[in-house]
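Asker: Any chance you can model this:
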Amino acid sequence: MEKKNDNPIITDRELLRLIEAAKQKDTLAMLKLIELYKEDIVRISNFIYMPTEDAISAITLEFLESILKQDEKYDPDYIEKVDTDKNYHKGL
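Answerer: All right, here's what the predicted structure looks like:
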């Protein structure tokens, strides 16, 4: 049975663009990424031995810091390859 409030599904291209925008400190992109992974963040917070609100805040902060620290730059050709490469999607 499917969950009533499943996480939204976005394409690889959209995800990569959100990540690149977040690297440029676009707050809207950061908020969209947090919303996209909110359910996972809340679920994982249950395994951390601290108050739930603090665990959610810590995970969210680490998530955003990891995005901001990534050195790879946006490459439109890579995004196009991800969208069209059938071998890439076979592993998913």
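
Asker: Residue 33: how many residues sit nearby?
Answerer: Residue 33 is flanked by 19 other residues according to other C-beta atoms under 10 Å. Every C-beta, even on glycine, is put in place using the N, C-alpha and C of the backbone.

Asker: before we move on, what about residue 49?
Answerer: For residue 49, the tally of surrounding residues (other C-beta under 10 Å) stands at 5.

Asker: distance of it from residue 30?
Answerer: Between residue 49 and residue 30 the computed distance is 27 Å (C-beta to C-beta, to the nearest Å).

Asker: Provide the secondary structure category for residue 25.
Answerer: coil (DSSP: H, G, I helix; E, B strand; the rest coil).

Asker: Next up, the contacts around it.
Answerer: Neighbouring residues of residue 25 by C-beta atoms under 8 Å, 6 or more residues apart in numbering: residue 68.

Asker: So in the chain, where's the weakest helix or strand by average pLDDT?
Answerer: Taking mean pLDDT, DSSP states H and E as the measure, the helix or strand of the chain with the lowest value is helix 86-90, at a mean of 51.

Asker: What about the residue nearest to residue 70 when sequence neighbours are not counted, how many residues nearby?
Answerer: Sequence neighbours aside, residue 23 is the residue nearest to residue 70 in space, at 6.4 Å (criterion: C-beta to C-beta, 6 or more residues apart in numbering). Counted with other C-beta under 10 Å, the neighbours of residue 23 add up to 18.

Asker: now swap in residue 69 and tell me
Answerer: Residue 69: 8 surrounding residues under other C-beta under 10 Å.

Asker: what residue ranges in this protein are flagged as low confidence?
Answerer: Applying pLDDT under 70 to the chain flags the ranges 1-7, 71-92.

Asker: does residue 44 really touch residue 59, like I thought?
Answerer: Yes. Under the criterion of C-beta atoms under 8 Å, residue 44 makes contact with residue 59 at 6.0 Å.

Asker: These two: which is more packed in?
Answerer: Neighbours were counted for residue 44 and for residue 59 using other C-beta under 10 Å; residue 59 has more, 17 against 13.

Asker: Not counting residues beside it along the chain, what's closest to the more buried one?
Answerer: Nearest to residue 59 is residue 41, by C-beta to C-beta, 6+ apart, at 4.9 Å.
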